[in-house]
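*Asks:* I would like to see how this sequence folds:
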Amino acid sequence: MTATPYLEVELRYKINDVPAALGRLRTQGMSVARTEHLIDEWFLPNTIASLEEEQQWFDGDRGIAWRIRRSEKDGKSKLEVGSKQLTEDMNHNSFHETTADCATYEDALQAMQQRSYKNWLTIDKTRYFLASSNNVIPASEFELVIDDIAGLAAKIGVGACLEIEYKGAADRAEALERIAGVAKLLGFTADDQIEKSLTVLSMTALARFE
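*Replies:* Take a look at the predicted model:
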């Protein structure tokens with residue numbers, strides 16, 4: 001399994017009502033380009049036995065988490081395997097990431113076993129990919145998606161968020177500033193921002209340690 005590294009910079013904004021949010025975004029020139037159904041399986045070392053240990057490993061020790069993602073779009077399935085690790089800034093808005101080549105889902109599971117990693121969190125979500133009809137928010141610089149995790153709102157009070165990821169060549173500080181500018185343009189404020197991803201927020205409700 002070969003891996004290719006890159007840096008991810010993104011901010012996330014809470015959404016309480018996905019249809020209402022999509023309607024409001026349409027009035028601001030945003031449309032849903034496509035939707036995908038995603039199953040994300042997260043893996044960590046076999047030795048970790050609790051959420052507290054996971055938080056120390058990932059947030060404190062900058063452990064490398066691996067994810068197997070299976071997606072469905074237009075009747076076709078896709079497999080993606082990759083890792084996430086906090087940058088030296090120790091903040092959940094920036095990650096060192098890698099992608100890895102695995103021919104099949106079974107190959108990906110075997111790769112996790114070879115790393116002595118186990119599946120501890122599985123997330124079922126719908127992702128709405130947004131596009132700017134007037135190109136005010138260029139797709140070459142930003143990716144905007146709304147993630148809606150099945151059943152999560154009933155458990156923790158929030159189940160969806162807008163994620164704005166920067167794709168350009170600016171450094172981390174400028175990227176975060178540009179993302180905040182896009183959010184403001186779309187009517188989202190710092191009060192709507194959530195520090196960590198929905199994946200992290202869902203851990204208390206969906207994590208399992210055996």
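
*Asks:* From Leu121, how far off is the residue most central in space within the chain?
*Replies:* Geometric centre of the chain, nearest residue: Ser197, 6.3 Å, by CA atoms, centre = their mean. Ser197 sits 12 Å away from Leu121, taking CB to CB, to the nearest Å as the criterion. Just so you know, the C-beta spots here come from the backbone N, C-alpha and C atoms, and that holds for glycine as well.

*Asks:* Thr87 now?
*Replies:* Using CB to CB, Thr87 is found at 22 Å from Leu121.

*Asks:* ok, longest helix in the chain?
*Replies:* helix 172-185 (DSSP state H).

*Asks:* Glu165: what's it in contact with?
*Replies:* Glu165 makes contact with Glu8, Val9, Glu10, Phe142, Glu143, Leu144, Val145, Ile179 under the criterion CB atoms under 8 Å, 6 or more residues apart in numbering.

*Asks:* Among the residues you listed, which one lies nearest to Arg69?
*Replies:* Among the contacts of Glu165, Val145 lies closest to Arg69 (CB to CB), at 13.3 Å.

*Asks:* So for stretch 111-125, what gets flagged as buried?
*Replies:* Within stretch 111-125, the residues scored as buried using 16 or more other CB atoms under 10 Å are Ala111, Met112, Arg115, Tyr117, Lys118, Asn119, Trp120, Leu121, Ile123, Lys125.

*Asks:* What is the most widely separated pair among the residues you listed?
*Replies:* Taking CB to CB as the measure, the buried residues of stretch 111-125 reach their widest spread between Arg115 and Lys125, a distance of 24.5 Å.

*Asks:* Any regions of the chain where pLDDT drops low?
*Replies:* Applying pLDDT under 70 to the chain flags the ranges 1-5.

*Asks:* which residues in it form helices?
*Replies:* Counting by DSSP H, residue ranges of the helices within the chain are 18-26, 51-55, 105-114, 153-156, 172-185, 198-201, 203-206.
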